[in-house]
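Visitor: Here is my input; please provide its structure:
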Amino acid sequence: MKIMKRVISTVAVLLFTLGVACAKADQPIKAEELPVAARTFIKTYFSGAKISFAKLDDEFLYKEYEVMLTDGTKLEFNGDGEWENVDCKYGAVPTGIVPAQIAEYIKKNYPDAKILKIDRDRRDYEVALSNHLELTFDLKFNLVDIDD
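Guide: All right, here's what the predicted structure looks like:
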């Protein structure tokens, strides 16, 4: 009986903790509350645009920041403020963001295409082009997949 009470108490504490953590998800924040790395990234590559809104997705095991610029660009950053996703709805991704090897591959093979979106994670880079192709590169910048 004592063991059952301890198990129930432990489960209740875990559920409460998860509930508190989930309650923090998707909180609007001020631009000044973004990590320094994210603010620097925005100033460097999107100096002409203003921040429309920013929010913090504070989950149980990770933090993620989402920023929408007034020009329609959507940016996502990890908890340290490093970019994970750049989605330029009405223009090209700034060239300084795209790794040189990927930019060279696209320039050589798709000279008329613009990079509209780039996404990176621990496994790969995904790039969406204006010609509706989506290219996936591994972390050594080798092309591993093409979707149309």
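Visitor: And the pLDDT for the closest residue to Ala38 other than its chain neighbours?
Guide: Leaving aside its sequence neighbours, Ala38 sits nearest to Gly81 (C-beta to C-beta, 6 or more residues apart in numbering; 3.7 Å). Every residue, glycine included, has its C-beta placed from N, CA and C. With respect to pLDDT, Gly81 has a value of 96.
Visitor: Surely Gly81 touches Lys63?
Guide: No: Gly81 is beyond contact range of Lys63, at 9.8 Å (criterion: C-beta atoms under 8 Å).
Visitor: For Pro99, grab the count of nearby residues.
Guide: Residues near Pro99, counting by other C-beta atoms under 10 Å, number 15.
Visitor: got it, and Ala49?
Guide: Ala49: 16 neighbours (other C-beta under 10 Å).
Visitor: Pull the contacting residues for it.
Guide: Each residue near Ala49 by C-beta atoms under 8 Å, 6 or more residues apart in numbering is listed here: Ile42, Leu69, Thr70, Asp71, Thr73.
Visitor: same thing with Ile29?
Guide: Ala54, Lys55, Leu56, Tyr65.
Visitor: Quick one: those as JSON lines, columns for neighbour count and pLDDT too.
Guide: Supplementary listing: the contacts of Ile29 in JSON lines, determined by neighbours: other C-beta atoms under 10 Å; pLDDT from 0 to 100:
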{"residue": "Ala54", "neighbour count": "23", "pLDDT": "96"}
{"residue": "Lys55", "neighbour count": "15", "pLDDT": "96"}
{"residue": "Leu56", "neighbour count": "19", "pLDDT": "96"}
{"residue": "Tyr65", "neighbour count": "23", "pLDDT": "96"}
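Visitor: Of these, which belong to strands?
Guide: Within the contacts of Ile29, residues falling in strands by DSSP state E are Ala54, Lys55, Leu56, Tyr65.
Visitor: how near is the first one to Tyr65?
Guide: To Tyr65, Ala54 is 7 Å away according to C-beta to C-beta, to the nearest Å.
Visitor: Need the overlap of contacts for these two.
Guide: Ile29, Leu34.
Visitor: mind listing the helices for this structure?
Guide: With DSSP state H as the criterion, the chain has helices at 2-23, 36-45, 100-109.
Visitor: Pick out the shakiest of those helices, pLDDT-wise.
Guide: Among the helices of the chain, helix 2-23 has the lowest mean pLDDT, at a mean of 52.
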